[in-house]
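S.K.: I need the structure of the sequence given here:
(one chain, ligands or ions: 1)
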Amino acid sequence: MLSSRAVNDLFLRTCRGEATERRPVWIMRQAGRYLPEYRAIRQKVDFLTLCKTPELAAEVTIQPVDILGVDAAILFADILLPLEAMGAELQFVKGDGPSFPHPVRTREDVARLRNPEVDETLGYVFAALRLVRRELDGRVPVLGFGGTPWTLAAYLVEGGGSKHFEHLLAWSYGDPEGLALLLDRVAGTSIAYLKGQIAAGAQALQLFDTWGGLLDLERWRAVALPPLRRIVDALKGEVPLIYYVNGGSHLLPALAELPVDVLSVDWRQPLSTVRRIVGPRVLQGNLDPAALLAPIPEIERRTADLLREGSGGPHVVNLGHGILPMVPVENAKAFVEAVKRLSLNP
Ligand code: CP3
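M.R.: The predicted structure follows:
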């Protein structure tokens, strides 16, 4: 048994491309509604209050480490919080997800945004991180995270989630320089925010590009990449940096050149195919999140297939997107345990 002081740094060593005794595993959105212990806390406080109360945010961050035995913790927060710090009113409406009642759609709207002092406006995130580091005491590393400017703008411009992202895409064709001003402002705040997370103890950072796949390769390079590159260049060499894209198989030729430590991909292409395109990179992923709804023997078979697919180089095992709220906890646990059992190197 690991004592409470044992240090598990498998995840960080794999991010750096080192060969390890087995593969690390964690789950995107591992602190969330599929856990009864999370729902119990959410019955008492709303989502934003939970994010802004460091003791509670730290508690739910650690829940999946205790319950599932994952090899990394990810700070409990949300990618949209820095937009609120920039002055955009943010609400989470029960059942409907995030909402910005005053969307940003013009250059005048961009000019009204603030360049926030992150210690003042997002200090609760840093406080939660410091608590998590102290309470975990090295048991597993702690990941910080943010959204990419493109994905953050997707919510801010639409005013929330969207099916077609028509306002965002219309702006990107109609006034690309105006949209670039917004993306650059978001990049500036993101850099200060992510550096603050490192100062507060984040041992790796993941950038979520949930909507990067909306753009074709050429437009992704022209519109989404410049502000992303600004962030990557500002953070390079500090802590391992992971870039996650959903629906971005067609972007792989550009991602091959992105100087991040780890590329995290969705489940729509096998990892062996991804490796053929991006070359010798550390990969993260990519079990279909819906596979955790299967009977446990099927989850174990699919996990074994995933481990075979990922065996061509360093591999952080994860899902291809966030865990679904309907997943039974035993199924998530079976996935984590299967990785630990089946990925041992002789
Ligand atoms: O466990 C973890 O991964 C850490 C916490 C975390 C949350 N959101 C908590 C959350 C992380 C890393 C995120 C990232 C995030 N937030 C993304 C990128 C990842 C992805 O899924 O593509 C995006 C797009 C958001 C924005 C967001 N937050 C949406 C669209 C929603 C509503 C949809 C949903 O999944 O509920 C949220 C709410 C949210 N963020 C919840 C959680 C646990 C559910 C809130 C609740 O308790 O009701």
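S.K.: Beta-bridge partners for the nearest residue to Leu306 once chain neighbours are set aside, please?
M.R.: Setting aside the residues directly before and after it, Leu306 is nearest to Leu287 in space (Cβ to Cβ, 6 or more residues apart in numbering), at 5.3 Å. All C-beta spots, glycine's among them, are computed from the backbone N, C-alpha and C. The residues paired with Leu287 through beta bridges, assigned by DSSP bridges, are Leu319.
S.K.: Please could you give me each C-alpha atom of stretch 162-170, formatted as CSV?
M.R.: What follows is stretch 162-170, C-alpha atoms only, in CSV (Å, rounded to 0.1, in the frame of the first residue of the first chain):
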residue,chain,number,x,y,z
SER,A,162,-24.5,26.9,-29.2
LYS,A,163,-25.3,24.4,-32.0
HIS,A,164,-23.8,26.4,-34.9
PHE,A,165,-21.8,29.2,-33.4
GLU,A,166,-23.2,31.6,-36.0
HIS,A,167,-22.3,34.9,-34.3
LEU,A,168,-18.7,33.7,-33.8
LEU,A,169,-18.3,32.4,-37.3
ALA,A,170,-20.0,35.4,-38.9
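S.K.: Roughly how far does Gly160 sit from the ligand?
M.R.: The spacing between Gly160 and the ligand, counted by Cβ to the nearest ligand atom, to the nearest Å, is 8 Å.
S.K.: quick one on the thing from earlier: and for the residue nearest to Leu306, the neighbour number?
M.R.: Using other Cβ atoms under 10 Å, Leu287 has 23 other residues around it.
S.K.: how about the nearest residue to Asp175, chain neighbours excluded?
M.R.: The shortest distance from Asp175 to any non-neighbouring residue, by Cβ to Cβ, 6+ apart, is to Arg107 (7.5 Å).
S.K.: Count the neighbours of the residue of the stretch 51-200 of the chain found nearest the ligand for me.
M.R.: Closest approach between the stretch 51-200 of the chain and the ligand, counting by Cβ to the nearest ligand atom: Gly97, at 3.3 Å. When neighbours are defined as other Cβ under 10 Å, Gly97 has 13 of them.
S.K.: now do Arg42
M.R.: The number of residues near Arg42, taken as other Cβ under 10 Å, comes to 16.
S.K.: Next up, the contacts around it.
M.R.: Going by Cβ atoms under 8 Å, 6 or more residues apart in numbering, Arg42 touches 33, 50.
S.K.: quick one on the thing from earlier: I'd assumed Arg185 was in contact with the residue nearest to Asp175.
M.R.: No: in this structure, Arg107 is not within contact of Arg185 by Cβ atoms under 8 Å, at 11.0 Å.
S.K.: So for the two, which residue has more residues nearby?
M.R.: When Arg107 and Arg185 are compared for neighbours, Arg185 comes out ahead with 20 against 14, by other Cβ under 10 Å.
S.K.: And the residue nearest to Asp175, how far from Leu169?
M.R.: From Arg107 over to Leu169 the distance is 17 Å, taken as Cβ to Cβ, to the nearest Å.
S.K.: just Val104 next, same as before
M.R.: 15 Å.
S.K.: likewise Pro176?
M.R.: For Pro176, the distance to Leu169 - Cβ to Cβ - is 11 Å.
S.K.: Name the residue in these two with the higher neighbour count.
M.R.: For Pro176 and Leu169, the more surrounded residue by other Cβ under 10 Å is Leu169, and the numbers stand at 18 against 13.
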